[in-house]
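> here's my sequence, what's the structure:
(chains A and B)
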Amino acid sequence: MVQLFLSLALLLTLSGCVQEVKPWEKETLSKETMEPSGGNALARKFEEHIYFSKEASKGGGGVAGGGCGCN
Amino acid sequence: MKKVLLLALLFLQLSAYEVGETLSNEMVTQLGLSEHSKLYVVDFFASWCGSCQKELPLIATLDHKVDHSEVEIIGIDVDKDPAKGLAFQKELQQEHHLTFRIINDAESQIIGTFNPIGMPTLYVIKDQKVIKIITGATDHIDEKILIVVKEQK
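Numbering: from 1, shown residues only, chains lettered A, B, ... in the order given. Now for the predicted structure:
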């Protein structure tokens, strides 16, 4: 029982370090500059070309999930 | 004991309005949902949200089609920067003839209470109760709202 309380206390303490970003707080995250290429279409295309040349595969570079559904 | 603790933890995480839940009197007053027989469509949006930009013109058109004695649409602009929000609203009013009431929630008080899982989120409320929640980019949102309106008649 003591162990259970200690684990729960530890869990609660750990969760205090994480601040969840709510869907309505994702304005900055939705900006183009937050993309890996910094919103530069040419840089993105170049990166994709390198990836395709090296891996013989493309796609999968997008961000999935998050539940925002903004963009 | 274990179960009680786990349930308590679960409820700590889930403090949001879900379908079937009744809105607090404070929230009803804040949103101005005074008429119990009326169907209220509360739409949370922001200027930076791409899906909201697609969805709002459809909702604006829907607002011109519905009988305002039965249905009222209320927009909640959650932009942190009120100037940005107001400029976006002005654009919507000019380009898409958006005429429904908009409440500015720059401090996230309203949306923080509703606590939706995504943006945009639309709540259909009747008699202070949440009867439908539509979250995220939804095609033909106007038709989907109309279906709910017809179901509630």
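
> okay, CA-based contacts and neighbour counts for the rest of this
OK.

> do a quick rundown of the helices in the chain.
Looking at chain A here, since you left the chain open. Along chain A, counting by DSSP state H, helices occupy A:2-15, A:41-55.

> to clarify, I was referring to chain B.
Using DSSP H, helices in chain B cover B:2-13, B:25-31, B:50-65, B:82-96, B:109-114, B:141-152.

> burial of the single nearest residue of chain B relative to chain A, as a residue count?
The minimum distance from chain B to chain A, using C-alpha to the nearest C-alpha, falls at B:G118 (4.2 Å). Per other C-alpha atoms under 10 Å in any protein chain shown, the neighbour tally for B:G118 reads 21.

> that one contacts B:T135, doesn't it?
Yes - B:G118 lies in contact with B:T135 (C-alpha atoms under 8 Å); the separation is 6.0 Å.

> out of the helices of chain B, deepest packed?
helix B:50-65 (a mean of 18; mean count of other C-alpha atoms under 10 Å in any protein chain shown).

> that helix near chain A at all?
Yes - for helix B:50-65 and chain A, the contact criterion (C-alpha under 8 Å from any C-alpha of the partner chain) is met by B:50-52.

> mind listing what's buried along stretch A:30-40?
Within stretch A:30-40, the residues scored as buried using 16 or more other C-alpha atoms under 10 Å in any protein chain shown are A:S30.

> touching chain B at all, it?
Yes - counting by C-alpha under 8 Å from any C-alpha, chain B has neighbours in stretch A:30-40: A:S30.

> can I get that stretch in PDB, CA atoms only?
Backbone C-alpha positions of stretch A:30-40 (Å, rounded to 0.1, in the frame of the first residue of the first chain) are rendered in PDB as follows:
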ATOM      1  CA  SER A  30       0.900  26.300 -36.500                       C
ATOM      2  CA  LYS A  31       3.300  28.800 -38.100                       C
ATOM      3  CA  GLU A  32       5.200  27.800 -41.200                       C
ATOM      4  CA  THR A  33       8.500  28.600 -39.500                       C
ATOM      5  CA  MET A  34       7.800  25.700 -37.100                       C
ATOM      6  CA  GLU A  35       8.300  23.300 -40.000                       C
ATOM      7  CA  PRO A  36      11.600  21.500 -40.300                       C
ATOM      8  CA  SER A  37      12.500  23.500 -43.400                       C
ATOM      9  CA  GLY A  38      11.500  26.700 -41.700                       C
ATOM     10  CA  GLY A  39       8.600  27.300 -44.100                       C
ATOM     11  CA  ASN A  40      11.100  27.500 -47.000                       C
END
